[in-house]
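**Student:** Predicted model, plus sequence, below.
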Amino acid sequence: MKQYIGDGMLLITALVWGSGFVVTAIALEYLTAFQVMAGRFVLATLILTILFGHKFKKFNKAVVWKGATIGVFLFIGFALQTVGLEYTTPSKNAFLTAVNVVVVPMIAYLVYKRRIDRYELTGSFLALAGIGFLSLQGSLTINIGDALSLACAVAFAFDIFYTNLFVKKEDAISLTIVQFITASLLSVITVLIQGDIPTSFEKEAVFSIVYLAVFSTTIAYIFQNVAFKYTTATKAAIILSLESFFGMVLSVLFLHEILTGRMVLGAVLIMVAILIAEVKPVFRKKPIAENVGK
């Protein structure tokens with residue numbers, strides 16, 4: 001039963017994250033990218049502090065520097081993603097961001113010299129082809145929004161890589177609190193440097209910030225952390241990869257985004273690349289199971 005609860009929580013997380021692309025696009029009609037980020041992270045940090053304030057007593061140097069490290073990557077990822085949304089569509093932003101799944105094995109190779117297997121290599125080529133269909137224009141150029149979305153995928157890949165590394169020794173919630181505090185401070189400092197302190201708030205902007213902070217940031221991260229206890233890593237990754245699919249569907253439904261055949265083909269190729277990269281443990285185990293049966 002707990003396994004189904006975990007899978008359900010991950011499905012809700014993927015849906016919420018997918019909707020976040022649409023809500024962010026709405027927020028950007030009233031606020032700058034860094035105002036949106038400052039609002040969502042400051043509010044999310046306050047919520048986490050209220051819910052898990054007792055965790056502060058367990059903070060040590062390791063938690064602080066590790067949380068700050070992934071907080072910097074989180075800030076960079078969201079900065080590139082949010083600014084990228086100003087120049088591209090939510091559906092393209094969602095699928096290009098999802099390429100981080102394919103980037104993580106490459107980081108493992110560069111940092112720890114871990115060999116890239118054939119499934120990861122196949123996924124990388126398919127993702128590259130998908131990016132081409134999704135983003136390349138007639139002149140074989142890529143617009144700035146798509147380029148920023150791809151860059152954000154790399155930043156999120158570093159965030160995922162080091163978060164998975166750090167949670168093996170440190171408390172996940174404590175790391176998340178420090179991570180959010182770091183992202184909040186960097187976002188607020190950027191807003192102050194740019195001199196973009198908002199003097200008035202439209203209700204649509206306020207609702208968007210609240211939604212992003214409460215659902216896309218706080219609840220989504222808590223659901224993800226709790227769900228990992230009740231399901232396998234492979235199944236979790238596959239379910240969470242639906243984020244990009246939900247982002248595309250909701251963009252069409254609520255923002256009336258028009259999808260071309262080439263964009264759909266690119267999205268499908270990226271989705272297949274993600275699945276191949278994530279289900280490779282199943283592919284590896286299958287022959288062993290067949291031999292045992294014989």
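**Tutor:** Perfect, thanks for sending it. Numbering: from 1, shown residues only.
**Student:** tell me the mean pLDDT for stretch 260-271?
**Tutor:** Here stretch 260-271 scores 83 as its mean pLDDT.
**Student:** Revised request: answer the last question for stretch 4-24.
**Tutor:** Here the average pLDDT along stretch 4-24 is 88.
**Student:** Sort out which residues of that stretch are buried, please.
**Tutor:** The neighbour-count check on stretch 4-24 (16 or more other C-beta atoms under 10 Å) flags 6-7, 9-24 as buried. Backbone N, C-alpha and C define where each C-beta goes, glycine included.
**Student:** Stretch 161-172 too?
**Tutor:** 161-163, 165-167, 170-172.
**Student:** Residue 111: which of those is nearest?
**Tutor:** residue 161 (7.7 Å; C-beta to C-beta).
**Student:** Helix or strand: which one has the closest one?
**Tutor:** Per DSSP states H and E: residue 161 is located in helix 144-166.
**Student:** from the chain's centre, how far out does the very next helix or strand once past that helix sit?
**Tutor:** Sequence order places helix 172-194 as the next helix or strand after helix 144-166, per DSSP H and E. The chain centroid and the centroid of helix 172-194 are separated by 16 Å under C-alpha atoms, centre = their mean, to the nearest Å.
**Student:** Any idea which residue is closest to the centre of the protein?
**Tutor:** For the chain, the residue sitting closest to the mean C-alpha position, by C-alpha atoms, centre = their mean, is residue 156 at 6.2 Å.
**Student:** on that earlier part again, among the buried residues of stretch 161-172, list the two that are farthest apart in space.
**Tutor:** Every pair of these checked by C-beta to C-beta; the farthest is 161 and 171, at 18.8 Å.
**Student:** Sort out for me which of the buried residues of stretch 4-24 are in helices.
**Tutor:** When DSSP state H is applied, those are split such that 6-7, 9-24 fall in helices.
**Student:** Which pLDDT value belongs to residue 250?
**Tutor:** The model's pLDDT for residue 250 equals 88.
**Student:** burial count for it?
**Tutor:** 21 (other C-beta atoms under 10 Å).
**Student:** Residue 75 too?
**Tutor:** 23.
**Student:** cool, residue 197 as well?
**Tutor:** 10.
**Student:** Provide a list of residues in contact with the nearest residue to it once chain neighbours are set aside.
**Tutor:** In space, and not counting its chain neighbours, residue 197 is closest to residue 191: 6.4 Å by C-beta to C-beta, 6 or more residues apart in numbering. Residue 191 sits next to 32, 34-35, 38, 197 when contact means C-beta atoms under 8 Å, 6 or more residues apart in numbering.
**Student:** do the same with residue 76
**Tutor:** Applying C-beta under 8 Å, 6+ apart, the residues near residue 76 are 152, 155.
**Student:** how about a cut-off of 6 Å?
**Tutor:** residue 155 (C-beta atoms under 6 Å, 6 or more residues apart in numbering).
**Student:** show me where the protein has strands.
**Tutor:** Shown for the chain, no strands are assigned by DSSP state E.
**Student:** The residue nearest to the centre of the chain and residue 38, how far apart?
**Tutor:** 19 Å (C-beta to C-beta, to the nearest Å).
**Student:** Hmm, residue 102 and the residue nearest to the centre of the chain touching each other?
**Tutor:** No. At 11.6 Å, residue 156 does not count as touching residue 102 under the criterion of C-beta atoms under 6 Å.
**Student:** on that earlier part again, dump the contacts of residue 191 to a markdown table, plus pLDDT and distance to residue 239.
**Tutor:** As requested, the contacts of residue 191 are exported to a markdown table (pLDDT from 0 to 100; distance: C-beta to C-beta, whole Å):
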| residue | pLDDT | distance to residue 239 |
| --- | --- | --- |
| 32 | 92 | 33 |
| 34 | 94 | 31 |
| 35 | 94 | 32 |
| 38 | 95 | 30 |
| 197 | 83 | 39 |
